[in-house]
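Student: below are the sequence and a predicted model; questions follow.
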Amino acid sequence: MNKKVTPYSDSKLGKKEQVTQMFDNISGDYDGLNRVISFGIDIKWRKRVVAIIGKTNPKNILDIATGTGDLAINMVKTGAKEIIGLDISPGMLAIGKKKIADKNLDKTIKMVVGDSEKLPFQDNTFDAVTVAFGVRNFENLEVGLSEIYRVLKPTGTFVVLETSVPTKTPYRQGYKIYTKYILPTIGRLFSKDRSAYSYLSESAASFPHGQAFNNILQKTGFIKVENKPQTMGVATIYVATK
């Protein structure tokens with residue numbers, strides 16, 4: 001199982017509380033730094049997630065760990081009538097709500113504060129559930145995935161976009177250097193929370209990816225599980241069905 005990594009190792013708070021505090025702290029910098037850190041490639045990855053979900057013609061979508069709403073906003077292109085973005089960080093949601101209002105998408109997208117491990121929805125509610133760069137922040141991965149399985153409709157689609165570690169040389173070595181040294185340095189220079197981007201790189205490195213995550217999804221009950229490495233393996237799109 002994935003090694004437990006928390007944002008602030010000296011904190012008396014649990015991982016969930018620490019993650020909330022961290023994302024509240026960096027919410028104002030998050031979108032801009034994401035573009036810099038990923039060289040803008042994360043935009044292409046999200047478009048691929050939207051394309052996968054769009055093929056299923058969903059009426060409603062739940063986007064967990066929605067953050068500032070980038071993926072939820074892109075999901076409008078699927079034609080879904082209802083999109084709910086859920087996140088544990090009120091600070092991130094505040095940025096997202098403003099973006100949604102600026103795009104006049106208030107009638108389609110609703111942003112709610114919520115815990116991925118205690119989803120405030122009934123069983124079999126959503127045609128599709130997505131998580132972009134969020135599952136590694138779950139305090140209890142199995143509980144979070146079980147909750148997602150519960151609220152997803154039978155035959156519904158679950159898609160995860162998450163960072164991963166390349167397996168081939170020299171990409172693996174380059175990735176390790178970038179995430180261990182360069183990414184935290186960028187975070188320290190441009191974010192008021194100096195620990196946040198060290199945590200994000202450490203959590204990405206320790207998270208089970210590829211077949212290891214496929215196995216966890218299958219253990220949870222998902223079927224038709226597949227993983228699609230992106231950009232030399234620095235990220236992976238996982239697709240599964242209930």
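Tutor: Structure received.
Student: counting by contacts, list what the least confident helix or strand in the chain by mean pLDDT packs against.
Tutor: In the chain, no helix or strand scores lower on mean pLDDT, DSSP states H and E than helix 183-190, which sits at a mean of 72. Applying 3 or more C-beta pairs under 8 Å, 6 or more residues apart in numbering; DSSP states H and E, one finds that helix 183-190 contacts helix 15-37, helix 196-206. Backbone N, C-alpha and C define where each C-beta goes, glycine included.
Student: what does the shortest one contact?
Tutor: Counting by C-beta atoms under 8 Å, 6 or more residues apart in numbering, the neighbours of helix 196-206 from elsewhere in the structure are 2-3, 5-8, 22, 25-26, 33, 37, 136-137, 162-165, 176, 179-180, 183-184, 186-188, 191.
Student: which of these are buried?
Tutor: The neighbour count (16 or more other C-beta atoms under 10 Å) marks 2, 5-8, 22, 25-26, 33, 37, 136-137, 162-165, 179, 183-184, 187, 191 as buried among the contacts of helix 196-206.
Student: could you check how far the closest residue to Asp42 other than its chain neighbours is from Lys118?
Tutor: Once flanking residues are discounted, Asp42 sits nearest to Asn34: 5.9 Å by C-beta to C-beta, 6 or more residues apart in numbering. Applying C-beta to C-beta, to the nearest Å, the value for Asn34 to Lys118 is 27 Å.
Student: what about those two, which has more around it?
Tutor: Asn34 (16 against 9; other C-beta atoms under 10 Å).
Student: gap between that one and Val5?
Tutor: Using C-beta to C-beta, we find Asn34 at a distance of 19 Å from Val5.
Student: which strands or helices does the helix or strand hosting Val112 pack on?
Tutor: Using DSSP states H and E, Val112 maps to strand 109-113. Counting contacts by 3+ C-beta pairs under 8 Å, 6+ apart, strand 109-113 packs against helix 70-74, strand 82-87, helix 90-102.
Student: before we move on, back to that, between helix 15-37 and the least confident helix or strand of the chain, find me the angle.
Tutor: Relative orientation of helix 183-190 and helix 15-37, computed by axes from the mean of the first three to the mean of the last three C-alpha atoms, to 10 degrees: 90 degrees.
Student: can you tell me which strand in this structure is longest?
Tutor: The longest strand of the chain (DSSP state E) is strand 152-163.
Student: would you put the C-alpha positions of it in CSV?
Tutor: The C-alpha trace of strand 152-163 is given here as CSV (Å, rounded to 0.1, in the frame of the first residue of the first chain):
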residue,chain,number,x,y,z
LEU,A,152,-21.7,5.6,-9.1
LYS,A,153,-24.6,4.1,-11.0
PRO,A,154,-24.3,0.5,-12.3
THR,A,155,-22.3,0.5,-15.6
GLY,A,156,-21.2,4.1,-14.7
THR,A,157,-17.7,5.2,-15.6
PHE,A,158,-14.9,6.2,-13.1
VAL,A,159,-11.9,8.1,-14.5
VAL,A,160,-8.8,9.0,-12.5
LEU,A,161,-6.0,11.3,-13.7
GLU,A,162,-3.0,11.1,-11.5
THR,A,163,0.7,11.6,-11.5
